[in-house]
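1. Could you look at this predicted model? Sequence included:
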Amino acid sequence: MRLPVVSPAAFRRLTVAVAVAVAAIVVSGAAVRLTGSGLGCPTWPRCTSTSLVSPMSFHGLVEFGNRVVTSIVGVFVALVAVAALLRRPRRRDLTLLAWSLVAGFIGQAIVGGLSVLYDLSPGWVLAHFRLSMVMVWAALVLVHRADPEWIKRPLAARRELILLGRLLVVVAGIVLVLGTVTTGTGPHAGDGTHHVKRFGLPLERVTQLHADSALLLTGLIVATLFAVRLTDVSTLVRRRSNWLAAAVVVQVAIGYTQYFLNLPPGVVELHVAGATLLWSATIWLQLGFTAPDSLVTRSGVEVDVRDAGPIATRVGHEARDPDHPRLRVHRRRQHNSPLGRSR
């Protein structure tokens, strides 16, 4: 039997759906914890010791519903992994990324099950969330590379700006870790009917440390906003930096709101969603430095190729040399900029 062939465009659409699903399951899992439904299904992989499905109770239905949503996400992850093998032309990097999501999903199922079996021990719950953030990162890289016009190319920005973008990712990761520690210390343990062990840390100090790291990230994002306007980068990168700035402003506002309102569950849920959005926007900005030329030109700017040597640069459906007269290079604008002359 002849296997179907998956086109690059169809594969890209599937990767976008998977990225959205992986991010959405983070918010769904937070809802389980914030409604106190973490032990609504007290065992795993069954919901109860005698039934796979939930009994007719609020907490049981919430936890079982999250498991159903997770299973649906697993189907999408499996589909994208199989599609990577059927894609023509097949690419090794896409196959590895797609199957890394399969490995991450299996890991999530195991860690999630252990968190239930160990009565929502904060260490297991936090590992569950952090693994989700790793999966979001892998899914976004997969979306980026799955663009039909993507090819390996030099980073389209100054070295200092590239390093700043990488620093943003590192600091954003630290903010997420400190946020999960704060969660493991705070009152929302995930189950309102049993005593759940918490981290024995002073909540106020942990919260302050998390807030300080968030302010550091905010300062770095402000520096990035200035840097992308003082250097020769594409409009795509500038637009993504604006998205990141908007995400961090909203997240800081939500964070202080939940603190002063004494951590109401609804606002905490928004904070989890904001954290996922902020993490995604940070990664998406970093990936913008190697966006396909076709994506950059669709953003309304000309392609900017620096001293990259005789590499092939793809525009539309053609591969052209950077010195080709039809590929307009912004060397004059780069030379006339203050940072360009300093080189």
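-> Okay, I see it.
2. what about the helices in the stretch 1-150 of the chain?
-> Secondary structure of the stretch 1-150 of the chain (DSSP state H, counting those that start in this stretch): helices at 8-34, 58-86, 92-117, 122-145.
3. could those helices go into a markdown table alongside mean pLDDT and mean neighbour count?
-> Where C-beta positions appear, they are placed from N, C-alpha and C, glycine not excepted. Output for the helices of the stretch 1-150 of the chain, formatted as a markdown table (pLDDT from 0 to 100; neighbours: other C-beta atoms under 10 Å):
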| stretch | mean pLDDT | mean neighbour count |
| --- | --- | --- |
| helix 8-34 | 89 | 19 |
| helix 58-86 | 89 | 18 |
| helix 92-117 | 91 | 18 |
| helix 122-145 | 90 | 21 |
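4. closest to residue 41 out of those helices?
-> helix 58-86 (4.5 Å; C-beta to C-beta).
5. got the angle for the closest one vs helix 8-34?
-> Interaxial angle, helix 58-86 versus helix 8-34 (axes from the mean of the first three to the mean of the last three C-alpha atoms, to 10 degrees): 160 degrees.
6. per-domain residue ranges of this structure.
-> 1-148, 155-343 (automatic domain parsing).
7. which residues touch residue 91?
-> 84, 145 (C-beta atoms under 8 Å, 6 or more residues apart in numbering).
8. Quick check: the gap between it and residue 8.
-> 9 Å (C-beta to C-beta, to the nearest Å).
9. now do residue 158
-> 31 Å.
10. mind listing the strands for the stretch 201-343 of the chain?
-> Using DSSP state E, counting those that start in this stretch, the strands of the stretch 201-343 of the chain run over 313-315, 318-320.
11. Go ahead and confirm residue 116 touches residue 46.
-> No: the criterion here is C-beta atoms under 8 Å, and residue 116 misses it with residue 46 at 10.5 Å.
12. Identify the residue nearest residue 227 in space, chain neighbours excluded?
-> In space, residue 227 comes closest to residue 161 once its chain neighbours are excluded; the distance is 5.3 Å by C-beta to C-beta, 6 or more residues apart in numbering.
13. could you give me the average pLDDT of the strand or helix carrying that neighbour?
-> Here residue 161, judged by DSSP states H and E, is contained in helix 159-185. Helix 159-185 carries an average pLDDT of 89.
14. Pull the contacting residues for residue 253.
-> Applying C-beta under 8 Å, 6+ apart, no residues contact residue 253.
15. how much space between it and residue 10?
-> Residue 253 is 39 Å from residue 10, by C-beta to C-beta.
16. go on, residue 90?
-> Noted for residue 90: a distance of 14 Å to residue 10, by C-beta to C-beta.
17. before we move on, what about residue 117?
-> From residue 117 to residue 10 the distance is 40 Å (C-beta to C-beta).
18. ok, back up a step: could you check the angle helix 8-34 makes with the helix holding residue 161?
-> Using the same axes, to 10 degrees: helix 159-185 against helix 8-34 is 30 degrees.
19. Helix 159-185 - contacts with which helices or strands?
-> helix 122-145, helix 203-230, helix 265-288 (3 or more C-beta pairs under 8 Å, 6 or more residues apart in numbering; DSSP states H and E).
20. any chance of the ones you listed in CSV, plus distance to residue 75?
-> As requested, the helices and strands packed on helix 159-185 are exported to CSV (distance: least, C-beta to C-beta, whole Å):
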stretch, distance to residue 75
helix 122-145, 15
helix 203-230, 35
helix 265-288, 21
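21. For residue 183, find the nearest of those helices.
-> Within those, the stretch nearest residue 183 is helix 122-145; the backing value is 7.1 Å (C-beta to C-beta).
22. now for the closest one, which elements pack on it?
-> helix 8-34, helix 92-117, helix 159-185, helix 265-288.
23. What angle do helix 122-145 and the last one make with each other?
-> Interaxial angle of helix 265-288 relative to helix 122-145 (the same axes, to 10 degrees): 40 degrees.
24. Report the residue spans of the stretch 201-343 of the chain with pLDDT below the cut-off.
-> The stretch 201-343 of the chain contains residues with pLDDT under 70 at 293-343.
25. which ones are touching residue 167?
-> Neighbour list for residue 167: residue 220 [criterion: C-beta under 8 Å, 6+ apart].
26. Start the count at 442 instead of 1 going forward.
-> In the new numbering, first residue 442, that becomes residue 608.
27. Tell me how far it lies from residue 724.
-> Applying C-beta to C-beta, the value for residue 608 to residue 724 is 13 Å.
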